[in-house]
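S.K.: Prediction below, plus the sequence it came from.
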Amino acid sequence: MTTEVKPDRRAPKVPKRRGGGYFHRVNLLTSLVLIFPLFVVYQIGVLAMPQVHNGADLVTSELLQLLHGNLAGYQALAQSIDLALFK
C-alpha cells in the first residue's frame, strides 16, 4: 500500500533569481554610495602617511607636487576624477 504525498500548499514560494547570481547588473548609485566613503578614507590615509607608498601612490606624489603640496586641492581633484569616471 503506497500513500501519495501531497505538497504542502502553505510552504512559501522561493523567489526566482534574476540575472545569474553575482554577475548581474547592479545599480551605479548603490555602488557609489558603498565605495565612495572607502575611497575617501583611503585618500585621507595616503595623505596622513606620506612616507608609505605603493605603486598607485606614485601618482599621488606627482599630483601633490603639481599642486604644490595643497592637500585640500588634491582631495578635491581626486574626488572629482572619481566622480567623473563613474558618471
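M.R.: Good, I have the coordinates.

S.K.: CA atoms for contacts and neighbours, from now on please.
M.R.: Will do.

S.K.: Going along the chain, name the helices of this protein.
M.R.: With DSSP state H, the ranges of helices along the chain come out as 28-48, 57-66, 71-85.

S.K.: what would those helices look like in TSV with distance to Glu4, mean neighbour count and mean pLDDT?
M.R.: Compiled in TSV, the helices of the chain are given as follows (distance: least, C-alpha to C-alpha, whole Å; neighbours: other C-alpha atoms under 10 Å; pLDDT from 0 to 100):
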stretch	distance to Glu4	mean neighbour count	mean pLDDT
helix 28-48	49	13	84
helix 57-66	68	14	80
helix 71-85	61	13	84
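
S.K.: which stretch among the ones you listed comes nearest Arg10?
M.R.: Nearest of these to Arg10, taken as C-alpha to C-alpha: helix 28-48 at 35.1 Å.

S.K.: Taking their axis directions, that closest one and helix 57-66 sit at what angle?
M.R.: Using axes from the mean of the first three to the mean of the last three C-alpha atoms, to 10 degrees, the inter-axis angle of helix 28-48 relative to helix 57-66 is 70 degrees.

S.K.: between helix 28-48 and helix 71-85, how big is the angle?
M.R.: 150 degrees.

S.K.: Relative to Leu64, how far out is Lys76?
M.R.: For residue 76 the amino acid is Ala, not Lys. 12 Å (C-alpha to C-alpha, to the nearest Å).

S.K.: how far away is Pro37 from Ile44?
M.R.: From Pro37 over to Ile44 the distance is 11 Å, taken as C-alpha to C-alpha.
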